[in-house]
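*Asks:* Here is the input, now give the coordinates:
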Amino acid sequence: MPSGRDQNPEAGGIDWLAVLRILLIQLLVLVALSAAVVRYVDWSSEQAWAEFIAASPPLPPHGIRRPPRAMPVEEIKRKMPCEHGA
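*Replies:* Purely as a prediction, here's the structure:
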């Protein structure tokens with residue numbers, strides 16, 4: 001014997017309470033998954049930043065210093081051989 005909660009196919013009505021429950025459950029699952037994704041991205045970026053900081057050398061006490069150049073840069077004031085009149 002069917003219970004009163006079973007939907008009668010001949011009645012043709014929609015159980016709006018069941019639809020509302022399903023939508024609420026879907027919304028809660030979506031919020032939970034979104035929060036988990038945001039937390040994972042935050043955690044992984046913190047880990048990557050910590051790894052980056054640990055791999056970089058410490059800065060000198062007075063800021064960044066440039067290494068000395070191997071050869072000084074000088075202007076060349078002589079004419080190149082190809083510039084002679086043709």
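*Asks:* can you give me the helices in this structure?
*Replies:* With DSSP state H as the criterion, the chain has helices at 16-55.
*Asks:* where does it have low pLDDT?
*Replies:* Flagging of the chain using pLDDT under 70 yields the residue ranges 1-11, 59-86.
*Asks:* and with 90 instead?
*Replies:* Across the chain, the ranges flagged by pLDDT under 90 are 1-13, 50-86.
*Asks:* number of nearby residues for A48?
*Replies:* 10 (other CB atoms under 10 Å). For the C-beta atoms, the positions are set from N, CA and C on the backbone; glycine is no exception.
*Asks:* What distance do you get for it to A55?
*Replies:* In this view, A48 and A55 are 11 Å apart by CB to CB, to the nearest Å.
*Asks:* Same question for R21.
*Replies:* Going from R21 to A55 by CB to CB gives 51 Å.
*Asks:* Between the two, tell me which one has more neighbours.
*Replies:* Each of R21 and A55 has its neighbours counted (other CB under 10 Å); R21 has more, 11 against 7.
*Asks:* Show the contacting residues for that one.
*Replies:* Residues counted as contacts of R21 (CB atoms under 8 Å, 6 or more residues apart in numbering): none.
*Asks:* next one: P57
*Replies:* By CB under 8 Å, 6+ apart, the contact list for P57 is empty.
*Asks:* What does it show for phi and psi?
*Replies:* Dihedral angles of P57 (phi, psi; degrees, to the nearest 10) stand at phi -70, psi 150.
*Asks:* How about G13?
*Replies:* Dihedral pair for G13: phi -90, psi 160, per degrees, to the nearest 10.
*Asks:* Run a quick neighbour tally on it.
*Replies:* By the criterion of other CB under 10 Å, G13 has 7 neighbours.
*Asks:* Check the one 4 residues further on too.
*Replies:* L17 sits with 8 neighbouring residues when counted by other CB under 10 Å.
*Asks:* Tell me how far it lies from L24.
*Replies:* L17 sits 11 Å away from L24, taking CB to CB as the criterion.
*Asks:* if I look at G13, how far off is L23?
*Replies:* As judged by CB to CB, G13 and L23 stand 18 Å apart.
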